[in-house]
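Novice: I need the structure of the sequence given here:
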Amino acid sequence: MLKKILLNIFLNVAIIVVVISLAWSFKNKYYLYLFAGIPPLAMLIYLKFRLVKSVRSLTNRGK
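Specialist: Predicted coordinates:
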């Protein structure tokens, strides 16, 4: 469970960093960086949802 908590923290920080970098690239009109940053953001969100789903199934199995 500790690994899942650490992975959750890492995913949260990574999502925040990518969103901040996308906002910066949009503000400064670096659209190439903006389009290059969207797929990693989608991947991180997908991994976050999978992690939440696995933790939810672990907690429901214990009941």
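Novice: any idea whether Lys29 is helix, strand or coil?
Specialist: Assigned with DSSP: H, G, I helix; E, B strand; the rest coil, Lys29 falls in the coil class.
Novice: and it, how far is that from Phe10?
Specialist: As judged by Cβ to Cβ, to the nearest Å, Lys29 and Phe10 stand 30 Å apart. All C-beta atoms are positioned from the backbone trio N, CA, C, and that covers glycine.
Novice: So for the two, which sits in the more crowded spot?
Specialist: Phe10 (12 against 8; other Cβ atoms under 10 Å).
Novice: name the element the one residue sitting closest to the centre of the chain belongs to?
Specialist: By Cα atoms, centre = their mean, the chain has its centre lying nearest to Leu44, at 3.3 Å. Under the criterion of DSSP states H and E, Leu44 resides in helix 31-61.
Novice: mind listing what's buried in that helix?
Specialist: Buried residues in helix 31-61, counted by 16 or more other Cβ atoms under 10 Å: 34, 37, 41, 44, 48.
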